[in-house]
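1. Mind folding the following:
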Amino acid sequence: MKHHRGSLLAPILACTAALLVALLPASSAHADERSRAVSGWFGYWTDPASMVSVAKDSGGVLGEVNIFWWHWAGPDRPMCTTVAGGACQGDSATPWTNARFDEARRGLQAEGILVFATHTDLASTRRRELSDYMATASRRQKLAEELADWVVKAGVDGIDLDWENFAFNDGSSTWDTTRPRFTDTVARLGELLQSQGKLLSVTVPGGYRPFDADGTPNPGGGYTVFDWAGLAPHVDRLRLMTYDYSWNRPGPIGPDGWTRDAVRSAIAQVGEANRGKIYVGLHQYGKAWYVRDDNDDVVVVGDCKNGWRPDGRDALALSPAEARSVAQSYGQTPRFDQTHREYTYDYSKEESGYRINAAGERRNSTCTVRKQVWFGGSGTAAARAELVAELGIGGVATWQLATLDGGFFPAMAELTTLRRQSKPVTAPPATRDYSLDAKANKSRPRAGRKMILRGKIRPAEASTRVKQQLRIKGKWRTKATATTNGKGRVKFRVALPDKPGRLKFRLKAQRTTAHKVLLSAPVKVRAVR
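-> Predicted coordinates for the structure are as follows:
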């Protein structure tokens, strides 16, 4: 059996590793003492020299790297080494690797960096294939054995599973079926890798709804196909893809408030013992969108025929360097948004496009369009570093390492004090002690008028969701919701009833300790004179 052959290789590999450690530079010899809090991915398209260059430039900050190495190519080829264009490597005496990946692995490990081979399932044309393949226990065991076997043979430190079709292409109707299959496969693989001294990472979406309306953590952040609580005991890393929040309209890629909620939800689900395994996603890329109106039409500047459409692609991906270059070309200066902790700017440009006339004919023309850019950079990295330290999680997972903004590694430097590998860590509580004050602008407002109800969360925190509630027949009813600003403040305009009386209002914030709140004082509504 394949995993048995791997067991026979383990002593040989251990001796070889010991010899290499003795021969490598000091940075590698002391790799066990190095912080693993800063990690990220390289695409298969990144050349080995560039990967090693990034590692050297990190000055010891970068702790581990995931390389897009293998992918699912169908039930007849569940393991495929990825080459140019995303194709499968041809027949080889060593199908689990090639000279290009070996060069990158050796260079990175020589810098003291752990190397994970990422196995992906990203082709939408292969939707449901992997889940169907894992339908039987025998095939789940076979897949786990082959993955573990290739990890050992390729000489990497571990494997990262980035299987996204489950969430994004298979359809939610399959989730209840896929969830136990995936969790069981991970459990089997984790056991095999642990026996070989190898590490297991699983990459999952950060989730579109980290908490339910009542403040309960939403399993998998909404993608319930991923059982975070069930996966955590079997993995060494749980990497959350907390980016691509805005995908069809201009907006932040990974807003700080949503990211923070995703991490808090994950902590609540995996438990204190597994908190140090959580790695929060950190985007080092951006997107340029067309600004659209309420009718979904592209906003243009000046004269342009109705129904005109641009030829360009929406949500155009940009590296931080490209985003800054575009801003400079159009005389703009990126602004760092303190709430979302990202950079943004608007600009106008002339683009070719077309419209379809009454006769159904295409008519080409050029118009000036408005565009908006959001991107993550060094300021975003600093915000994630704060989050990691505050919430006591394992570290950051960066997409992608080949396009880092200037100042990235200095922003990450404080995380080098975190010596977390695969062991549980002692960490601060899952939430800080928050309080929420609420008060009305008038103690005795008049009936039929409007009243301002203000709140402030302490410590001040932006993007906290707050509910404004009214006591009706003994039950609290939510009347409106809003989010706090950068100073932790929120404001509601409350329409008062036409009759005088005594009303009870309160504000309820999701992040307050144990979801408790301080009630506002009752408001006595007086009659209009």
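
2. And the helices in the stretch 351-500 of the chain, which stretches?
-> For the stretch 351-500 of the chain, the helices defined by DSSP state H, counting those that start in this stretch cover 378-391, 408-412.

3. which other helices and strands contact the last one?
-> Of the remaining helices and strands, those touching helix 408-412 by 3 or more Cβ pairs under 8 Å, 6 or more residues apart in numbering; DSSP states H and E are helix 378-391. Bear in mind the C-beta positions are built from the backbone N, C-alpha and C, glycine included.

4. And the helix it packs on, how far out from the chain middle?
-> Centroid displacement of helix 378-391 relative to its chain, using Cα atoms, centre = their mean, to the nearest Å, is 13 Å.

5. Report the buried residues of it.
-> Buried residues in helix 378-391, counted by 16 or more other Cβ atoms under 10 Å: 378-385, 387-388, 391.

6. and if you look at stretch 72-90?
-> 72-73, 78-82, 86, 88-89.

7. again with stretch 43-52
-> Within stretch 43-52, the residues that count as buried by 16+ other Cβ under 10 Å are 44, 46, 48, 51-52.

8. Repeat that for stretch 477-496.
-> Residues 484-485, 488, 490, 492, 494, 496 are the ones in stretch 477-496 that count as buried (16+ other Cβ under 10 Å).

9. which residue is nearest the middle of the protein?
-> Nearest to the geometric centre of the chain sits Thr242, at 1.6 Å (Cα atoms, centre = their mean).

10. Could you tell me the model confidence score at that residue?
-> Thr242 is assigned 98 on the pLDDT scale.

11. Arg449 too?
-> Turning to Arg449, the model gives it a pLDDT of 81.

12. who touches the residue nearest to the centre of the chain in this structure?
-> Residues in contact with Thr242 (Cβ atoms under 8 Å, 6 or more residues apart in numbering) are 206, 254, 258-259, 262-263, 280-282.

13. now, the most widely separated pair of those?
-> Farthest apart among the contacts of Thr242 by Cβ to Cβ are Trp258 and Leu282. That separation is 13.7 Å.

14. Now do the end-to-end distance for stretch 205-217.
-> This stretch, stretch 205-217, spans 15 Å end to end (Cα to Cα, to the nearest Å).

15. chain center to it: distance?
-> On Cα atoms, centre = their mean, the centre of stretch 205-217 falls 14 Å from the chain's centre.

16. list the buried ones in that stretch?
-> Residues 205-207, 210-211, 217 are the ones in stretch 205-217 that count as buried (16+ other Cβ under 10 Å).

17. Output these as JSON lines; include the columns pLDDT, distance to Ala317 and secondary structure.
-> Converted to JSON lines, these look like this (pLDDT from 0 to 100; distance: Cβ to Cβ, whole Å; DSSP: H, G, I helix; E, B strand; the rest coil):
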{"residue": "Pro205", "pLDDT": "97", "distance to Ala317": "18", "secondary structure": "strand"}
{"residue": "Gly206", "pLDDT": "96", "distance to Ala317": "18", "secondary structure": "coil"}
{"residue": "Gly207", "pLDDT": "94", "distance to Ala317": "22", "secondary structure": "coil"}
{"residue": "Pro210", "pLDDT": "95", "distance to Ala317": "25", "secondary structure": "coil"}
{"residue": "Phe211", "pLDDT": "94", "distance to Ala317": "29", "secondary structure": "strand"}
{"residue": "Pro217", "pLDDT": "94", "distance to Ala317": "31", "secondary structure": "strand"}
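
18. Burial check on Val65, number of neighbours?
-> Val65: 28 surrounding residues under other Cβ atoms under 10 Å.

19. And the next helix or strand past the helix or strand hosting it?
-> Val65 belongs to strand 64-71 when assigned by DSSP states H and E. Using DSSP H and E, the helix or strand that follows strand 64-71 towards the C-terminus is strand 80-81.

20. Now do that next one: everything it contacts.
-> 69-73, 88-89, 92, 95-98, 101.

21. In this structure Pro252 contacts His340, no?
-> Yes - between Pro252 and His340 there is a contact under Cβ atoms under 8 Å: 4.0 Å.

22. Identify the contacts common to the two.
-> What both Pro252 and His340 touch, as defined by Cβ under 8 Å, 6+ apart, is the set Trp374.

23. where does the stretch 301-450 of the chain dip in pLDDT?
-> Counting by pLDDT under 70, the stretch 301-450 of the chain shows low-confidence ranges at 418-443.

24. could you pull out the strands for it?
-> Taking DSSP state E, counting those that start in this stretch as the criterion, the stretch 301-450 of the chain carries its strands at 309-310, 316-318, 335-337, 342-356, 362-375, 395-399, 435-440, 450-458.

25. Could you say which of those strands is packed most deeply?
-> strand 395-399 (a mean of 26; mean count of other Cβ atoms under 10 Å).

26. other SSEs contacting that one?
-> The contact analysis (3+ Cβ pairs under 8 Å, 6+ apart) places strand 395-399 against strand 38-42, strand 237-241, strand 278-283, helix 378-391.

27. pLDDT of the third one, averaged?
-> Here the mean pLDDT over strand 278-283 is 98, rounded to a whole number.

28. tell me the two of the buried residues of stretch 477-496 that are most distant?
-> Distances among those were taken as Cβ to Cβ; the most separated pair is Gly488 and Leu496, at 26.1 Å.

29. So which of the buried residues of stretch 43-52 sit within helices?
-> 48, 51-52 (DSSP state H).

30. Quickly name whichever of the residues you listed is closest to Thr183.
-> Distances from Thr183 to these, taken by Cβ to Cβ, are shortest for Met51, at 31.9 Å.

31. ok, now how distant is that closest one from Arg239?
-> 18 Å (Cβ to Cβ, to the nearest Å).

32. just Ile278 next, same as before
-> 8 Å.

33. Of these two, which one has the most company?
-> For Ile278 versus Arg239, the count of surrounding residues by other Cβ under 10 Å is larger for Arg239: 30 against 25.

34. Check the contact between Leu496 and Leu453; I expect there is one.
-> No - checked against Cβ under 8 Å, the pair Leu496 and Leu453 is beyond contact range at 10.7 Å.

35. Which helix or which strand is home to Lys508?
-> Secondary structure assignment for Lys508, by DSSP H and E: strand 505-509.

36. Tabulate the buried residues of helix 378-391 (TSV), appending distance to Ala37.
-> Shown next, in TSV, are the buried residues of helix 378-391 (distance: Cβ to Cβ, whole Å):
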residue	distance to Ala37
Ser378	17
Gly379	19
Thr380	16
Ala381	12
Ala382	14
Ala383	15
Arg384	10
Ala385	9
Leu387	12
Val388	7
Leu391	12
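
37. was I right about Ala268 contacting Gly215?
-> No - because the distance of 10.0 Å does not satisfy Cβ under 8 Å, Ala268 is recorded as not touching Gly215.

38. picking that back up, nearest to Arg128, of the helices and strands packed on strand 395-399?
-> Nearest of these (Cβ to Cβ): strand 237-241, 20.7 Å.

39. hmm, who's touching the helix or strand just after that closest one?
-> Proceeding N to C from strand 237-241, the next assigned helix or strand is helix 256-270, under DSSP H and E. Applying Cβ under 8 Å, 6+ apart, the external contacts of helix 256-270 come out as 206-207, 210-211, 217-219, 221, 228-229, 232, 238, 240, 242, 245, 275, 277-278, 280-281, 339-341, 383-384, 387, 391, 393, 430-431, 462-464, 483, 510-511.

40. Contacts only, for Tyr235.
-> To be clear, residue 235 is Val; Tyr isn't right here. Listed by Cβ under 8 Å, 6+ apart, the contact set of Val235 reads 186, 190, 200-202, 277.
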